[in-house]
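Q: coords please:
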Amino acid sequence: MKQLLLLSILLSSVISNSQTTHQVCVEDPPSTTCPGKTGTFTPGNLVIQQGDMIEFTTTTVLLGGYTGTYHNIEFTGSSANNVDLFVSSTVFPPSAQVTSITTPPFNTPGVFPMECTNFAHCLLSEYPCTGYTVTVLASCTVNADFTASATDICSGTTVNFTNTSTGAVSYTWKINEFPFSTSTNAVQNFGASGSFDIELIANDGAGCLDSTTVTINVTQAANAGTDESNTFCNVNDSINLNTMVTGDAGGSWNETTSSGQFNNTTGYFNYTGLTAGDYDFDHVILGTGVCPNDTATMTITVNQEPGLTLNVTNTNLATSDSAYIDFTPNGVLPGANWLWNFCDGNFDNPQTPFYYSWGSGGDFCVCVEINNYNGCTQVFCDSSITVWDDAGTNELNALEFNIYPNPADGAFTIDLTKITGKVEIKMYDMAQRLVYTETTSGGGNVFVDAKEMATGRYFIEITAMDQRNTIPVVLK
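A: You can find the predicted model right below:
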């Protein structure tokens, strides 16, 4: 149901600071719910003196769904006098409650139209409440005024507000109706974009107030992020510099050095094989409005990666033999640390080719870790070293025989054509367990069916003519 309103006015007695409170009763149609107040306030001007106030009083009858809401009564050009008139939650007479609100003093001379921010709750049956005006006659001498160091700015900018008011002894600063300072001058940082009304209310200490407002327009500043750096080694790899951006995405890229391996469109930097050094790139976000472009610098340090070609002779050998550890280094810096590992619990640090022997049978490795002490470390490895324990053999490698195919798919042939006389054949697994034995004569071939044996590495030992030799065979 619509709100029923009546407006009547009664001037009260003069208070101690010579201010007058003008009482306005809001109700329609006319009734006796505002006792002691006479007359009808019809559309037109209410004339008051500078420093006077207006008291709005209402009793809501048959308000229906509008119970408990506010009438936001505003005065164009005099925002310091805006008030909220609460609607009583008890809407039926005779229990209807009377609620009132008094404006601050009208301290600025002029004509101020009255308006409502919620027209659904501020519409009279005969006319809208925006039909009223208040005329304030000059009597106060206070004048609010200030300047701003800038009014069109970028987010993150601090604005200084310099007070140039006259006739005032105290001040209140507001930003979008929220107080933020009571000092003479004010400072405010604007971190977010948008439009912000800065209001200064000046008080002369004797009841006179004046206000003025300046609007600050804030545009979002461009943010390319912070300057970043990272270190990589010149192996065959690349980095997407977009993953290093800490600000806004979608900026443009430009290399300020000359690697010749940077894609300005995608932001990918391929540092494969580059000379060690620093490579710099700019990430630019374009500014809008009054905001300038923003640039972040990305510095990529490319360090020398150690390289090494490992050549190991005799990857199948007996414990009585030594393997020659041969290698060709490249990209190894002076002072680099070398650490060799042979998978037998021993470590060493030679930096030139050398011989190495293992004291027991088994599968071993030759690995070296090289640290250039610049953030670049690499490991190079040959893990296919097989050692056979030949302790107790009379003569090693004196007998000549072959095994084919090797590796073998479950069966293989032993070529004994270069051996004469009685031949003893033994087959051992990696744990040196005897898994096959046969005695035959030399001068021919022996077929061995090992399809029932597990895959892996085995050793064929041939004994003949008081000599012995061992050859590894792999079952796959």
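Q: so who does residue 255 touch?
A: 262, 264, 269, 279, 280, 281, 282 (Cβ atoms under 8 Å, 6 or more residues apart in numbering). For glycine as for every other residue, the C-beta is placed from the backbone atoms N, C-alpha and C.
Q: Just to check, residue 190 is in contact with residue 152?
A: No - applying Cβ atoms under 8 Å as the test, residue 190 and residue 152 come out as separate, 11.1 Å apart.
Q: And the two? Which one has more around it.
A: Neighbours were counted for residue 190 and for residue 152 using other Cβ atoms under 10 Å; residue 190 has more, 20 against 13.
Q: any idea which helix or strand carries the nearest residue to the more buried one once chain neighbours are set aside?
A: Leaving aside its chain neighbours, residue 190 sits nearest to residue 218 (4.6 Å; criterion: Cβ to Cβ, 6 or more residues apart in numbering). Assigned by DSSP states H and E, residue 218 belongs to strand 209-219.
Q: Just give me how far that strand sits from the chain centre.
A: Put simply, strand 209-219 sits 35 Å off its chain's centre (Cα atoms, centre = their mean, to the nearest Å).
Q: got the CA coordinates for that strand in CSV?
A: The C-alpha trace of strand 209-219 is given here as CSV (Å, rounded to 0.1, in the frame of the first residue of the first chain):
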residue,chain,number,x,y,z
LEU,A,209,29.0,24.6,8.9
ASP,A,210,29.9,24.8,5.3
SER,A,211,31.0,22.1,2.8
THR,A,212,32.4,21.7,-0.6
THR,A,213,33.3,18.7,-2.8
VAL,A,214,35.9,17.8,-5.4
THR,A,215,35.7,14.6,-7.4
ILE,A,216,38.9,12.6,-8.0
ASN,A,217,38.9,10.3,-11.0
VAL,A,218,41.2,7.3,-10.7
THR,A,219,42.3,5.1,-13.7
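Q: Check which helices and strands that strand sits against.
A: strand 146-148, strand 152-154, strand 157-163, strand 194-203 (3 or more Cβ pairs under 8 Å, 6 or more residues apart in numbering; DSSP states H and E).
Q: Please work out the average pLDDT along that strand.
A: Model confidence over strand 209-219, given as mean pLDDT, is 94.
Q: Paired strands for that strand, with orientation please.
A: Each strand paired with strand 209-219, and its direction, by DSSP bridges: strand 152-154 (parallel), strand 194-203 (antiparallel).
Q: what's the angle from it to strand 157-163?
A: 160 degrees (axes from the mean of the first three to the mean of the last three Cα atoms, to 10 degrees).
Q: rewinding a little: minimum distance to residue 303: which of the strands paired with strand 209-219 has it?
A: strand 152-154 (39.0 Å; Cβ to Cβ).
Q: Let me know the average pLDDT across the closest one.
A: The model assigns strand 152-154 a mean pLDDT of 97.
Q: Stretch 158-174 too?
A: 96.
Q: Only C-alpha atoms, please: export that stretch in PDB.
A: Only the C-alpha atoms of stretch 158-174 are listed here, as PDB (Å, rounded to 0.1, in the frame of the first residue of the first chain):
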ATOM      1  CA  THR A 158      48.800   9.900  -3.300                       C
ATOM      2  CA  VAL A 159      46.800  13.200  -3.500                       C
ATOM      3  CA  ASN A 160      47.400  16.200  -1.200                       C
ATOM      4  CA  PHE A 161      44.400  18.300  -0.300                       C
ATOM      5  CA  THR A 162      45.200  21.900   0.700                       C
ATOM      6  CA  ASN A 163      42.600  23.600   2.900                       C
ATOM      7  CA  THR A 164      41.800  27.200   1.800                       C
ATOM      8  CA  SER A 165      38.700  27.600   4.000                       C
ATOM      9  CA  THR A 166      37.900  30.900   5.900                       C
ATOM     10  CA  GLY A 167      36.100  31.500   9.100                       C
ATOM     11  CA  ALA A 168      36.500  27.900  10.400                       C
ATOM     12  CA  VAL A 169      38.100  26.400  13.500                       C
ATOM     13  CA  SER A 170      37.700  22.700  12.800                       C
ATOM     14  CA  TYR A 171      37.300  20.400   9.800                       C
ATOM     15  CA  THR A 172      36.000  17.000   8.700                       C
ATOM     16  CA  TRP A 173      37.200  15.300   5.500                       C
ATOM     17  CA  LYS A 174      35.000  12.600   3.800                       C
END
